[in-house]
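# no sequence for this one, just the structure:
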């Protein structure tokens, strides 16, 4: 969870997009890696709750970002009260959830947001459910197409910004990044 100092923005948002005007800013991040740089930056001004399924990653996150809280959990099994967060960020994590489970996860995330709350995510672009070796580790990947992501998300949220971005990891990989708001 993130509690913000409202004098400072929590995220760099596209022009014309304003953070919710709630009294604090609470949010969650799912699957954090080692907690840097995103969690560390957020924790400078906010109360951050991070979730990761790996005990080792949670250990690293706690060491790297002592000003935040981290829990070992599966984001698809989490539940929070309605309207708990001003924001939820999921960077490259939902593409490790089976495609059939992603719509229910989006619905829960939308429910967790306060009115005006923001969901910031980097999603896949249509990868079939598959387990393969990536960076020397067996890892699951699966993602819906950007069209399907938009279809599911607009059932619950207003899409403020979305586009495709190609990164080099070292091979080119395209992701669907978006910002959505709960009405």
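That came through fine. Since this is a predicted model, take the numbers as computed values, not measurements.
# When you work out contacts or count neighbours from here on, use the C-alpha atoms and nothing else.
Noted.
# what pLDDT does residue 34 get?
Looking at residue 34, its pLDDT stands at 63.
# what do you get for residue 174?
For residue 174, pLDDT reads 95.
# could you measure it against residue 167, distance?
6 Å (C-alpha to C-alpha, to the nearest Å).
# which residues of this structure fall in strands?
For the chain, the strands defined by DSSP state E cover 27-30, 48-52, 69-72, 85-91, 113-123, 130-134, 137-141, 158-168, 172-181.
# Out of those strands, the one nearest residue 101 is which?
strand 137-141 (12.5 Å; C-alpha to C-alpha).
# what pairs with the closest one, and is each one parallel or antiparallel?
strand 130-134 (antiparallel) (DSSP bridges).
# Can you list the buried residues in the strand it pairs with?
Within strand 130-134, no residue is scored as buried using 16 or more other C-alpha atoms under 10 Å.
# neighbours around residue 105, how many?
If you count neighbours by other C-alpha atoms under 10 Å, residue 105 ends up with 18.
# I'd say it and residue 76 touch.
Yes. If you go by C-alpha atoms under 8 Å, residue 105 and residue 76 touch, sitting 6.2 Å apart.
# quick one: residue 179 from residue 87, how far?
10 Å.
# Same check on residue 102?
Residue 102 is 18 Å from residue 87, by C-alpha to C-alpha.
# again, but for residue 125
23 Å.
# So which of the two has more stuff around it?
residue 87 (30 against 21).
# Wait, that one touches residue 115, no?
No. Assessed by C-alpha under 8 Å, residue 87 is found out of contact with residue 115, at 10.2 Å.
# What sits closest to the most centrally placed residue in the chain if chain neighbours are left out?
Taking C-alpha atoms, centre = their mean, the centroid of the chain lies closest to residue 90, which sits 1.2 Å from it. Closest residue to residue 90 apart from its sequence neighbours, by C-alpha to C-alpha, 6 or more residues apart in numbering: residue 121 at 4.7 Å.
# if I pick that neighbour, what's in contact with it?
Contact analysis of residue 121 by C-alpha atoms under 8 Å, 6 or more residues apart in numbering lists 89, 90, 91, 92, 177, 178, 179.
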